[in-house]
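Q: here is a sequence with its predicted model. Questions after.
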Amino acid sequence: MTAPRIGGMLVGYWRVCPRKAWYSMRGLWMEQESEAVALGRLLDRTSYRRRRRPALIEATAPDGTPLVAKLDGVDLRAGVLHETKKGRSCEDAHVWQVRFYLWVLRLAGVTGPGGRPLRGQLDYPALRRTEPVALELEHEGHLAEVVSALAACARQDVPPERHPRRSFCRRCAFEALCYG
């Protein structure tokens, strides 16, 4: 298998369940029929239309792994990267997905006003909430480790172990694949 391009969705999957990330890197997509995913995509397409400036940024991790960031929206004048989410379940994965995007932007040399780093913001339009997200130096080290782990996972012939809490998997589109 060639070196995979690591994107923010894979980083989010890795935070939730490495097995889900492995399936996705193998081209197995189980979420196309999920109502929750369809609702999230609808919210993404219909929310914040005026300020929406989607972007695709590519960079290379320190270990040489190709990275890609498919951004929901960037307000370069305000220096804010926006990521739209349906709800706050898996919020830790959402935060790391935004940190990954901020890291890719930093690696690509993209900055905000006055050359300052961009800030991140999670937007929850259905909840009418926003959450700021920052990228600190220790986060960059962790992201480099996650990218290396994802690249190693992609080379594995067998998937990682199932999530230890099956109750967590009941809402996952991959549950049938994992527990058949």
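A: On my side now, so go ahead. Residues are numbered from 1 along each chain as shown.
Q: could you list the low-pLDDT ranges of this structure?
A: 1-3, 49-52 (pLDDT under 70).
Q: show me where it has its helices.
A: 8-16, 18-25, 35-46, 91-107, 137-155, 166-169, 175-179 (DSSP state H).
Q: figure out which of the ones you listed is closest to Leu122.
A: Nearest of the helices of the chain to Leu122, taken as C-beta to C-beta: helix 91-107 at 5.5 Å. In this view, the C-beta of every residue, glycine as well, is placed from N, C-alpha and C.
Q: as JSON lines, the helices of the chain with mean neighbour count and distance to Leu71 would be great.
A: Listed next are the helices of the chain as JSON lines, based on neighbours: other C-beta atoms under 10 Å; distance: least, C-beta to C-beta, whole Å:
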{"stretch": "helix 8-16", "mean neighbour count": "22", "distance to Leu71": "8"}
{"stretch": "helix 18-25", "mean neighbour count": "22", "distance to Leu71": "19"}
{"stretch": "helix 35-46", "mean neighbour count": "14", "distance to Leu71": "11"}
{"stretch": "helix 91-107", "mean neighbour count": "22", "distance to Leu71": "6"}
{"stretch": "helix 137-155", "mean neighbour count": "15", "distance to Leu71": "16"}
{"stretch": "helix 166-169", "mean neighbour count": "13", "distance to Leu71": "28"}
{"stretch": "helix 175-179", "mean neighbour count": "14", "distance to Leu71": "29"}
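Q: if I pick the residue lying closest to Arg15 once chain neighbours are set aside, what's in contact with it?
A: Leaving aside its sequence neighbours, Arg15 sits nearest to Ala93 (C-beta to C-beta, 6 or more residues apart in numbering; 4.1 Å). Shown in contact with Ala93 (C-beta atoms under 8 Å, 6 or more residues apart in numbering): 11-13, 15-16.
Q: with His139 instead?
A: By C-beta under 8 Å, 6+ apart, the neighbours of His139 are 99, 103.
Q: I'd like the distance between it and Arg155.
A: Between His139 and Arg155 the computed distance is 25 Å (C-beta to C-beta, to the nearest Å).
Q: who does Asp123 bridge with?
A: Asp123 has these beta-bridge partners by DSSP bridges: Thr84, Thr130.
Q: count the neighbours of it for me.
A: When neighbours are defined as other C-beta atoms under 10 Å, Asp123 has 21 of them.
Q: my guess is Val11 meets Val95, correct?
A: No - under the criterion of C-beta atoms under 8 Å, Val11 is not in contact with Val95, lying 10.4 Å apart.
Q: sounds good, over and out.
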